[in-house]
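**Q** sequence? don't have it. structure:
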């Protein structure tokens with residue numbers, strides 16, 4: 001393992017990265033690898049880039065393989081690493097090692113999520129034993145480790161398992177933690193201040209973070225007992241810390257990183273906001289809220305703290321006020337007109353105005369400006385993340401809180417006066433006072449919004465404000481203006497206003513602004529053309545009820561111009577990274593293609609070639625997962641709609657795509673391979689005749705172990721193999737290649753808890769398309785694989801998948817397949833085994849089947865009970881009555897037994913939205929919505945399963961006199977009413 005440092009360095013160089021990663025991957029499965037890697041990170045004589053790359057690689061191995069089925073880390077290695085991690089964190093306590101420490105802390109957090117406390121019972125005890133009253137370098141390492149373990153609780157769902165872990169931690173950690181917090185706070189206030197004040201303050205930042213972690217789900221007794229010590233006015237330690245501002249720790253004016261006192265205050269206000277939300281009774285008892293509001297007023301009112309370094313503190317201060325207003329327990333604090341005037345004048349307006357910093361960002365870092373501007377996840381909602389909330393958004397949030405908490409008329413009037421004043425200043429001198437109009441529009445946006453979502457924009461407005469009139473009188477002029485005649489920020493404001501209030505405009509109004517937005521796509525200003533793309537994309541996604549508002553006919557003429565303008569901007573970017581950075585443009589292109597549908601049947605070749613060229617450019621260095629998703633969706637959607645309109649165009653798509661796809665597979669560009677497999681499957685599914693040789697030549701590669709190495713490729717590979725089975729099964733039988741598919745299922749997919757679902761999906765296609773006579777000799781071995789997995793690592797999901805596979809195989813109309821095909825194979829393994837499977841798995845699982853699967857299960861079980869000779873023989877017949885009871889239970893909700901006809905085969909893709917998606921290259925699977933086909937009912941030959949069951953039971957009773965006795969042995973409480981309903985429908989046994 002001596003070559004690890006060289007390999008880590010090579011992995012940082014794009015030219016040698018691939019080879020180095022493969023070599024590291026090969027080494028990483030050797031015993032002791034993780035401990036060697038950790039020692040390398042701790043080797044202070046080693047090059048810093050090597051140590052940093054080592055810490056990242058260690059975290060990634062832990063993240064991807066700690067609980068992996070296929071390449072598990074040996075237990076001995078896991079135990080060794082658990083022993084070594086806490087001492088490693090302490091060894092990395094120096095400030096210069098912070099980046100490495102962060103990676104190791106993340107590793108601790110990932111392992112703790114899997115192993116703590118069961119397999120790591122001494123973790124907290126080791127942390128507590130390492131805390132020191134004097135050595136704050138070590139304390140920082142210990143506290144950051146603790147924070148990395150406890151932080152996930154903030155987003156966790158409340159359940160018994162979570163509270164068991166939290167209580168386990170609190171029983172060991174709460175008292176020493178509170179002692180250290182009090183001790184550290186005392187040191188901060190001591191005079192003269194200690195020599196290591198900055199280090200103690202840094203520790204206090206993490207102590208405050210951990211305080212939040214430990215109280216985020218419930219208020220523990222130890223914390224409730226010390227509540228007054230921290231919160232009560234005027235001497236509570238948290239209130240005193242809000243006033244604490246030692247000169248030696250203040251940041252420089254031009255600093256953008258918050259000082260330690262600023263970080264401590266921000267954390268305290270996050271804790272205070274949490275307590276106001278969750279523990280309002282405790283807070284009311286200590287008069288804390290008025291004291292916090294007063295402290296905030298003194299700290300930020302009148303435009304104090306305008307530096308970028310204080311953005312987090314100001315935003316959180318405003319968030320605290322918004323939450324206190326919304327909670328409704330403090331009406332006497334906020335209800336007077338004077339207070340509302342002071343809030344608007346003293347806190348909102350000073351923090352809504354643009355500073356030089358934002359104007360510079362608009363010009364120099366436009367993408368960051370846009371991301372921050374769009375980052376408010378839910379305007380007017382109480383669940384906004386503080387991590388990305390700008391001070392403008394937080395100030396606007398105060399206005400929204402006032403409007404939605406019963407102070408609508410006063411707030412609208414007071415804010416309206418400020419809006420009027422800003423507009424007057426602008427009119428007096430537009431060139432000099434454009435910022436006044438920008439502020440007025442921002443305040444207007446806030447005061448007009450009652451509720452909104454990221455996906456749909458504003459959903460309800462303040463009834464005292466006429467948004468459309470304001471748009472017509474003051475905003476539309478800037479939207480219409482030629483580029484350069486008004487300040488670009490005001491043009492962006494106009495587009496942004498349209499974007500936010502798109503739901504308040506009617507369809508003809510929106511159609512009339514689309515040509516204006518098209519013109520803005522040609523702007524030279526990055527923010528302007530990007531916001532135009534964002535607005536077009538969201539407008540085309542507007543829904544009326546369940547229907548998308550804009551149909552193909554609405555944008556038929558505009559669509560080619562929109563797509564051309566968008567691709568021009570993407571193509572002009574230059575380097576691969578610059579081309580891929582603006583995913584908003586690519587997302588808009590995707591939405592235009594999806595909305596325009598077959599519009600591009602004429603002239604599609606040019607757009608296909610341009611998309612392929614863009615793909616070629618970005619594949620040199622994949623850097624933006626969102627852009628990748630959207631470009632593949634665009635290619636897939638273009639093909640979907642053009643080939644549907646004119647099937648002869650398929651060959652053009654194949655000629656255009658096979659070349660670049662071959663390069664992607666040969667160069668092993670693993671970010672793109674999952675998409676390539678899905679688009680290849682989509683193309684193959686379009687073929688109705690003989691499969692072209694190019695596809696067949698690809699099949700051997702798809703069946704090699706190397707193709708299945710990357711987890712993210714597996715669903716796409718399965719989709720592609722399913723397409724081969726459905727289109728070319730005859731050839732696969734002739735060449736024997738279907739046995740290699742069975743090998744993949746048995747060796748790689750079924751044994752894996754992660755991938756078993758894909759194994760069964762592939763199996764469904766195998767039993768559907770491979771003739772049963774060719775499959776028979778392999779079916780016994782296949783059933784042994786399925787049952788072995790049941791024996792070694794059964795999960796609820798696996799039982800469901802197994803039972804669905806059995807009933808699917810019994811149900812589908814394939815000549816020679818059916819219940820006895822399965823039962824005979826099972827009985828070959830071991831006599832009387834089928835009755836055990838039926839009793840232990842099929843009978844208990846069938847009634848739990850989700851609605852989407854019930855029709856198949858009912859048809860399968862009906863065939864099992866009525867068309868199987870072996871099921872009516874001993875001992876299998878013993879399971880007949882219980883199986884019938886299970887089937888009767890399934891039929892109690894008949895609405896789930898018939899498959900509705902899909903009205904719109906493209907409903908799935910036109911509704912696709914990625915707003916909620918957290919894309920990343922570590923994501924398990926990147927599904928291409930445009931490549932998905934409408935699901936086919938595998939038992940479409942049965943229209944009404946209850947009717948089918950009735951008919952088949954009657955036929956059975958005519959053939960076999962035991963039927964009445966067997967039915968009579970079923971559970972009368974369930975079978976009785978069901979048989980009566982069958983008789984009423986004319987099926988008497």
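**A** Sure, I can see it. The structure presented is a predicted model; accordingly, all values stated were derived computationally and were not measured. Numbering: from 1, shown residues only.

**Q** quick check: which ranges of the stretch 751-900 of the chain have low pLDDT?
**A** By pLDDT under 70, the low-scoring segments of the stretch 751-900 of the chain are 894-900.

**Q** need the contact list for residue 694.
**A** Listed by CB atoms under 8 Å, 6 or more residues apart in numbering, the contact partners of residue 694 are 654, 658. Quick note: C-beta positions are derived from backbone N, CA and C, even for glycine.

**Q** flag every buried residue along the stretch of helix or strand it belongs to.
**A** Element membership for residue 694, per DSSP states H and E: helix 693-702. Going by neighbour count (16 or more other CB atoms under 10 Å), the buried part of helix 693-702 is 695-696, 698-699, 702.

**Q** then stretch 827-845?
**A** Going by neighbour count (16+ other CB under 10 Å), the buried part of stretch 827-845 is 827, 833-835, 837-839, 841-843, 845.

**Q** need those in JSON lines with secondary structure and distance to residue 7, can you?
**A** Output for the buried residues of stretch 827-845, formatted as JSON lines (DSSP: H, G, I helix; E, B strand; the rest coil; distance: CB to CB, whole Å):
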{"residue": "827", "secondary structure": "helix", "distance to residue 7": "54"}
{"residue": "833", "secondary structure": "helix", "distance to residue 7": "50"}
{"residue": "834", "secondary structure": "helix", "distance to residue 7": "53"}
{"residue": "835", "secondary structure": "helix", "distance to residue 7": "56"}
{"residue": "837", "secondary structure": "helix", "distance to residue 7": "49"}
{"residue": "838", "secondary structure": "helix", "distance to residue 7": "54"}
{"residue": "839", "secondary structure": "helix", "distance to residue 7": "55"}
{"residue": "841", "secondary structure": "helix", "distance to residue 7": "47"}
{"residue": "842", "secondary structure": "helix", "distance to residue 7": "51"}
{"residue": "843", "secondary structure": "helix", "distance to residue 7": "55"}
{"residue": "845", "secondary structure": "helix", "distance to residue 7": "48"}
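
**Q** between those, which is closest to residue 142?
**A** Residue 142 lies nearest to residue 845 out of those, by CB to CB, at 48.0 Å.

**Q** please tell me I have it right and the closest one contacts residue 799.
**A** Yes - in terms of CB atoms under 8 Å, residue 845 counts as a neighbour of residue 799; the distance is 5.5 Å.

**Q** ok so, going back, which of the buried residues of stretch 827-845 lies closest to residue 72?
**A** Distance to residue 72 across the buried residues of stretch 827-845 (CB to CB) is lowest for residue 841, with 26.9 Å.

**Q** just the buried residues of the lengthiest helix in the chain, please?
**A** In the chain, with assignment by DSSP state H, the single longest helix is helix 160-189. Neighbour-count burial for helix 160-189, counted by 16+ other CB under 10 Å, picks out 165-166, 169-170, 172-174, 177-178, 180-181, 184-185, 187-188.

**Q** now the buried residues of stretch 827-845 as JSON lines including distance to residue 316?
**A** Listed next are the buried residues of stretch 827-845 as JSON lines, based on distance: CB to CB, whole Å:
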{"residue": "827", "distance to residue 316": "68"}
{"residue": "833", "distance to residue 316": "64"}
{"residue": "834", "distance to residue 316": "64"}
{"residue": "835", "distance to residue 316": "65"}
{"residue": "837", "distance to residue 316": "59"}
{"residue": "838", "distance to residue 316": "61"}
{"residue": "839", "distance to residue 316": "60"}
{"residue": "841", "distance to residue 316": "54"}
{"residue": "842", "distance to residue 316": "56"}
{"residue": "843", "distance to residue 316": "57"}
{"residue": "845", "distance to residue 316": "50"}
